[in-house]
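Asker: mind looking at a prediction? Sequence and model below.
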Amino acid sequence: MKSKVLTSVLALMVAISLRAQQNPKISVEGGSPDDRASARLLYWNNPARAADGQLAINYGRPVWKKEYEDAATFDKMTKGQIWRMGSNFWTNLYTDVPVTIGGKSISPGLYFLGMQRSADGSSWKLAFIDPVKVRKTRIDAFDIRKATVDFTAPMTAEPASGDTVEKLTITLTNAQDDIRSATLKVAWGHLTLTAPVHVAAPE
């Protein structure tokens, strides 16, 4: 009798174990390389032959989808909301020098980024999020709306052109007459957003 009970208990334990494996509470994703890019400005000290400061934006490159062509669909996705501005791991900005973006002063450090659109759809802002706060709550970029935005910098929406940028593309382009002035550009589909950048790089 005891052996039958023991056999039944073991069978039940095996069944529970198999069920847990089939429907785990925690699962894991990723592990393979994804499509990521980096826009970087590096200031090089020629006499010292060493870096004198840099900033970089690192991001995943989501593909523009046909359904986003519909204005109502795109507005539903973005109006009054914050967009993760990338794919997979957080889009982030690293700077080891003071920088100004869209008139907003930014201290050296690491920031997670998103993009906020106003409720009426008329304006966009680059949103800065503290990675330390995100780490404490383990928020993934997919749930960026759960994160606290610490501050924002205004972006300017450029008139739509007939061209479509298939993958999200972020660039930092220097002004030809001033190496400390640049333009930040975010392009995806028919959306193009820009902001002036000033870098307080060493003289």
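Answerer: Ah, there it is.

Asker: secondary structure element for Thr73?
Answerer: helix 71-78 (DSSP states H and E).

Asker: who's in contact with that helix?
Answerer: Applying CB atoms under 8 Å, 6 or more residues apart in numbering, the contact partners of helix 71-78 are Glu67, Tyr68, Trp83, Arg117, Gly121. Placement of C-beta: from N, CA and C, glycine included.

Asker: ok, stretch 42-61 next?
Answerer: By CB under 8 Å, 6+ apart, the residues outside stretch 42-61 that reach it are 34-41, 85-89, 91-97, 99, 113, 167-170, 172, 179, 184, 199, 201-202.

Asker: may I see the buried residues of it?
Answerer: For stretch 42-61, burial by neighbour count (16 or more other CB atoms under 10 Å) applies to Tyr43, Gly53, Gln54, Leu55, Ile57, Asn58, Tyr59, Gly60, Arg61.

Asker: just the strands in this structure please.
Answerer: Using DSSP state E, the strands of the chain run over 36-45, 50-60, 82-83, 92-95, 99-101, 104-106, 109-117, 124-129, 149-157, 165-175, 178-189, 191-199.

Asker: please report how far the residue nearest to Gly189 when sequence neighbours are not counted lies from Ser27.
Answerer: Spatial nearest neighbour of Gly189, chain neighbours left out: Trp64 (3.9 Å); criterion: CB to CB, 6 or more residues apart in numbering. Going from Trp64 to Ser27 by CB to CB, to the nearest Å gives 28 Å.

Asker: more crowded one of the two?
Answerer: Neighbours were tallied for Trp64 and for Ser27 using other CB atoms under 10 Å; the higher tally belongs to Trp64 (17 against 6).

Asker: for that one, what are its contacts?
Answerer: Thr164, Val165, Glu166, Lys167, Leu168, Trp188, Gly189.

Asker: can I get the buried ones among the residues you listed as something I can paste into ChimeraX?
Answerer: This is the ChimeraX syntax for the buried subset of the contacts of Trp64, where burial follows 16+ other CB under 10 Å:
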select :168,188,189
